[in-house]
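> what would the 3D arrangement of this be:
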Amino acid sequence: MTARPLTQSRPGFMKRHTRVAGFLRFIAIWLINTGALMLLAQIVPGVRLRPGEIPTGTALAIAFLNAVLWPLLVRFALPLGVVTLGLAPLLLNGVIVWVASRTQGDIYVDNVFSGMLVALGITVINTFVTTVLGFNDHDYYYRRGMRRRAKRVRGKNAQTDVPGVVFLEIDGLAHDVLRHAISAGNAATIGRWLRDGHRLMEWECDWSSQTSGCQAGLLHGNNDDIPAFRWWDKDRGAALVSNHPVDAMAIERRLSDGRGLLAFGGASRSNLLSGDATPSSLTLRTVLTKRGKVGEDYYAYFANPHSVTRTLMLAIVDIGIELWTSRQQRRRDVRPRIRRSLGYAFARAFTTVVQRDLQVQVVEFDILCGRPVVYTTFLGYDEVAHHSGLERMSAIWVLRGIDRQFARIERVLQDAPRPYHLVVLADHGQSQGAPFSQRYGGTLEDLVRELTGASSLEAQMQGTEGPSFLRASLIEVAEGPGLVGRTARFLGNWRASRRHQTGPPPEVVVMASGCLGHISFPREPGRLSQERIEALYPRLVDGLRNHPGIAFLLVRSESHGAVAIGAEGIHYLDEERVEGRDPLAPFGPNAAAKVKRTDTFEHCPDIVLNSTYWREQDEVAAFEELVGSHGGMGGSQSHPFVLYPSSWSAPSQPILGAVAMHRELRRWLVELGQIEHAAPVSEPDRSDERVAEGELLHA
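Here you go, the predicted structure:
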């Protein structure tokens, strides 16, 4: 089978059309910058127009000097750009503006500082106007430099007819939510692809419907022994939390066979796990791994003052949107809702704007390098839906922004050294509902404390992925060599250090992953049986099963094996029989198989809980303080999607689980001609990893 990539579906006149469009865009930008100079002359100190003059000459001179000087200066601006957080490139642009004004004379710029303010103002005005008019928001001169750099990386003989694939993951976007967004015009690019030659397919993820379990299955074809996003590991005597870089490294070390989806020259960008990719950035699993010039992608980003200024402006706008939408929810008494702090607004802006712009730039570079497979995760929708709701205004605005970035990535395909296909997918969905604590006046931790009377109880009930990627980005820069890395380490303690367990472990540990809850007893060796739990804490099992916010709990019985216990019945999983009303019935026909699989995990917690699912309201009760949640079963959290070219062969049966989805992704790569994905390879060499599996992140 030969599928036609997007780059081959364009008519032959497109390159000529692109040149004409580029020329017209240049004229438009020239006129916009001329108007910006006229406006800035009225408000910036030390800048004034010559009477009767229109500064078209200076606007043209600035464009010319940027075209000629910037490619020469950018090499020196790279390290300075990171150290000064973009101020050094802005200073260079101020020099360019000052020199341009001196050569033309239609506008006076007294000094370089005034030139910096003018350069900043031009970028802000240009970004605003071009965004409103729908222009391509790329910096043409920077893109040209990126193409030259990519050509050096790939070498002279990188041209190939074997198509590459770019996997664009939207974290936490359910199949039904995407369909609604396409119908409402909120995912215009995806909708166009769907009409022009892609197929949208729903698939079902595992019980642990969260990023580490799903992405391990998608990228490595193995997600065994990942019962949740965070769980207590009795062998380590510590919690294992998926969004800690050291723990992400430990998870992948357990699962990888060296031939993940990205093992053969692929690139991992902004993911939790690496898929065995060598080129990797913004990926939690590789943050602490020696990889040569770590942080180079950040250097290129900070070296471009237009990108930095644009991203800074959009981040400020995003913070404003968050504060406004949060206030609107309170004013209109929208429910369910949670309190959203100012700190969250800044973390959200990093995820939805800064990290997004960074990863798109790097993905563009990967395409220009001709990498065979690129996988990147857009985290913004998941982060905002957690706090705002699945299809509310704030989350949909973020989804629109991600969709626009897909169009940006599509445009760069015409310059790639090989044809490319674009695939959009989600690792899991989300389900909405008021948190457990709001419904019942107390947390799961409070309930377990009351039912056990434990002398010491530890809980980890909160934490989304966005802030962890911000911390990981700072660590990644600080781990880099040379002046930039040393400066980042000096400015902040962004390095991993050892943290050891001191004292005896707690008697009880309660952990939450969305609407999935875990209870472990660290002082008891191995996995406790139902009978042993009832002997130690006689009120616990009955108290949990009869709580209206808990649908069922999984325990292992000495007499009956794995059992799922609900308020009105018990499902004996190993014996394949039900007593009373089946507690798994509300969760679909595959629920029993999912729960039974989790029971076989080596590190399955002593008790696993799933919150109640109210089908009429389509709501769950998250054990974390979240409006939108995932991690268990119930509602759309278990139903992600994949959008793939309709010319590819369809799966022969419904996809159940991320591992099954991985097999389809790998099969498609082999059918495209990437035959190395069909052959096994040896275990990877991990001798370059500096951090032992037993270490924990401390930042």
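> does R523 really touch L536, like I thought?
No: under the criterion of CB atoms under 8 Å, R523 is not in contact with L536, lying 10.1 Å apart. No exception for glycine: its C-beta is placed from N, CA and C like everyone else's.
> more crowded one of these two?
Relative neighbour count places L536 above the other of R523 and L536, with 15 against 12, counting by other CB atoms under 10 Å.
> where's that one relative to D606, distance?
Here the criterion is CB to CB, to the nearest Å. By it, L536 lies 10 Å from D606.
> shared neighbours of those two, which are they?
Residues within reach of L536 and of D606 at once, by CB atoms under 8 Å, 6 or more residues apart in numbering, are 521, 524, 528.
> count of neighbours near the last one?
By the other CB under 10 Å criterion, the neighbourhood of L528 contains 21 residues.
> adjust the sequence numbering to begin at 568 for everything that follows.
Renumbered: residue one is now 568, and that last one reads L1095.
> just the pLDDT at it, thanks.
L1095 is assigned a predicted lDDT (pLDDT) of 97.
> state the mean pLDDT of stretch 929-945.
Looking at stretch 929-945 alone, the average pLDDT works out to 94.
> okay, buried residues for it please.
Across stretch 929-945, burial judged by 16 or more other CB atoms under 10 Å covers 929-945.
> what strand or helix carries the closest residue to T694 other than its chain neighbours?
The shortest distance from T694 to any non-neighbouring residue, by CB to CB, 6 or more residues apart in numbering, is to R877 (4.6 Å). In this structure, R877 sits in helix 872-899 according to DSSP states H and E.
> the helix or strand that that helix is followed by to helix 872-899, inter-axis angle?
Once helix 872-899 ends, the next helix or strand along the chain (criterion: DSSP H and E) is helix 909-916. Between helix 909-916 and helix 872-899, the angle formed by their directions is 130 degrees, by axes from the mean of the first three to the mean of the last three CA atoms, to 10 degrees.
> show me how far helix 909-916 is from its chain's centre.
The gap between the average C-alpha position of helix 909-916 and the chain average comes to 16 Å, counting by CA atoms, centre = their mean, to the nearest Å.
> kindly export it (C-alpha atoms) in CSV.
What follows is the C-alpha trace of helix 909-916 in CSV, where atoms were taken according to Å, rounded to 0.1, in the frame of the first residue of the first chain:
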residue,chain,number,x,y,z
LEU,A,909,-2.8,33.4,40.2
GLY,A,910,0.0,30.9,40.4
TYR,A,911,-2.0,28.5,38.2
ALA,A,912,-2.6,31.4,35.7
PHE,A,913,1.2,31.7,35.2
ALA,A,914,1.7,27.9,35.0
ARG,A,915,-1.1,27.8,32.5
ALA,A,916,0.5,30.5,30.3
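> right, and the helix or strand after that helix?
Tracing the chain past helix 909-916, the next element assigned as helix or strand by DSSP H and E is helix 922-936.
> check which element follows that following helix along the chain.
For helix 922-936, the succeeding helix or strand toward the C-terminus, using DSSP H and E, is strand 940-945.
> which helices and strands does the strand or helix carrying Q609 pack with?
Here Q609, judged by DSSP H and E, is contained in helix 581-610. Using 3 or more CB pairs under 8 Å, 6 or more residues apart in numbering; DSSP states H and E as the contact definition, the elements that helix 581-610 packs against are strand 614-616, helix 623-650, helix 679-700, helix 707-721.
> now the angle between helix 679-700 and that helix, please.
For helix 581-610 against helix 679-700, the angle between stretch directions is 130 degrees (the same axes, to 10 degrees).
> and for R1106, the neighbour number?
R1106 has 12 neighbours, counted by other CB under 10 Å.
> now L1103: how far from I1086?
As defined by CB to CB, L1103 lies at a distance of 12 Å from I1086.
> ok, back up a step: chain center to the helix holding R877, what's the gap?
Centroid separation for helix 872-899 versus its chain: 19 Å, with CA atoms, centre = their mean.
> return the set of buried residues in it.
Neighbour counts using 16+ other CB under 10 Å place 872-882, 885-886, 888-889, 892-893, 896 of helix 872-899 among the buried residues.
> next, the angle from that helix to helix 922-936.
Compare the direction of helix 872-899 with that of helix 922-936 by the same axes, to 10 degrees and you get 140 degrees.
> circling back: rounded mean pLDDT for the helix holding Q609, please.
If you average the pLDDT over helix 581-610, you get 77.
> center of this protein - which residue?
A centroid search over the chain (CA atoms, centre = their mean) returns L946, at 2.9 Å, as the residue closest to the centre.
> right, and that one touches L740 too?
No: because the distance of 11.0 Å does not satisfy CB under 8 Å, L946 is recorded as not touching L740.
> what is the burial count for S1203?
As a burial measure, the neighbour count of S1203 was computed by other CB under 10 Å and equals 22.
> cheers, nothing more for now.
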